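*Asks:* heads up, no residue letters with this:
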């Protein structure tokens, strides 16, 4: 049992180490937090954060971790970034790019009978819950927040096909939260994947392909550029 525990801890340190460290000489002003939507293709420097860096021409610090959840009661894994709120690193952030909640529904309750878990993350009116508290915490630092939604199933036998209704409801609540604060932008990806088009997904038909990561990055960079353009 102790050997298994040591192995688990080592594995968690490994995946938590996938996020980028902060360079004190050039700390950047944009932080990314979240799950595999953000973390995919990091080792190949083709993640969403890498795409935002390329389009804006400035560094982006990525603390996202594959498999991370909004709700995680395990202290060791939470501290290593498996709870998304624990990914936050203090800094002078102008923007925090954030996603999360999908693993809580898909892995936490199988996208079935998830009302209680969803409401714990965010209430129907978008005013309470773990997601709201995290966003409020980020906003209190002065940062603007871009909350990114999820890719939809390509409609070709995806394991997440049955999660569509729960995903739509979660994102409707997040959109209500964002509408109440001009410093929070909700980026829906609902229209990104044409039905039957497998090119936006990895072979598992769950995670984004490099093409999708680039497309998501383009939309994020556009939000930042438009918001910072001289009026």
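*Replies:* Alright, I've got the coordinates. Here the structure is a predicted model, which is why all the values come from computation and not from measurement. Residues are numbered from 1 along each chain as shown.
*Asks:* Now for residue 227, which secondary structure element holds it?
*Replies:* If you go by DSSP states H and E, residue 227 is part of helix 210-228.
*Asks:* just checking, what packs against that helix?
*Replies:* Packing partners of helix 210-228 (3 or more CB pairs under 8 Å, 6 or more residues apart in numbering; DSSP states H and E): helix 48-56, strand 144-148, strand 184-187. Every C-beta, even on glycine, is put in place using the N, C-alpha and C of the backbone.
*Asks:* between it and helix 48-56, what angle do the directions make?
*Replies:* Counting by axes from the mean of the first three to the mean of the last three CA atoms, to 10 degrees, helix 210-228 lies at 50 degrees to helix 48-56.
*Asks:* Please identify the buried residues of helix 210-228?
*Replies:* Within helix 210-228, the residues that count as buried by 16 or more other CB atoms under 10 Å are 210, 212, 213, 214, 215, 216, 217, 219, 220, 221, 223, 224.
*Asks:* From residue 124, how far out is the last one?
*Replies:* Translated: residue 224. Distance, residue 224 to residue 124, by CB to CB, to the nearest Å: 30 Å.
*Asks:* next one: the fifth one
*Replies:* Remark: distance between residue 215 and residue 124 (CB to CB) = 30 Å.
*Asks:* Please list all residues in contact with the residue most central in space within the chain.
*Replies:* The centroid of the chain falls nearest to residue 99 when counting by CA atoms, centre = their mean (2.3 Å). Residue 99 is in contact with 33, 34, 35, 37, 38, 64, 147, 148, 149, 150, counting by CB atoms under 8 Å, 6 or more residues apart in numbering.
*Asks:* Nearest to residue 85 among those residues?
*Replies:* Nearest to residue 85 out of the contacts of residue 99 is residue 33 (CB to CB; 8.3 Å).
*Asks:* Just the ones in strands from the contacts of residue 99, please.
*Replies:* Residues of the contacts of residue 99 located in strands (DSSP state E): 33, 147, 148.
*Asks:* Turn the buried ones among these into a named ChimeraX selection, would you?
*Replies:* Only the buried entries of these go into this ChimeraX selection, using 16+ other CB under 10 Å:
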select :33,147,148
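*Asks:* how about the ones in strands among the contacts of residue 99 in a markdown table, adding pLDDT and distance to residue 108?
*Replies:* Listed next are the ones in strands among the contacts of residue 99 as a markdown table, based on pLDDT from 0 to 100; distance: CB to CB, whole Å:
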| residue | pLDDT | distance to residue 108 |
| --- | --- | --- |
| 33 | 98 | 19 |
| 147 | 98 | 19 |
| 148 | 98 | 19 |
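*Asks:* Centre of the chain to stretch 149-162, how far?
*Replies:* 17 Å (CA atoms, centre = their mean, to the nearest Å).
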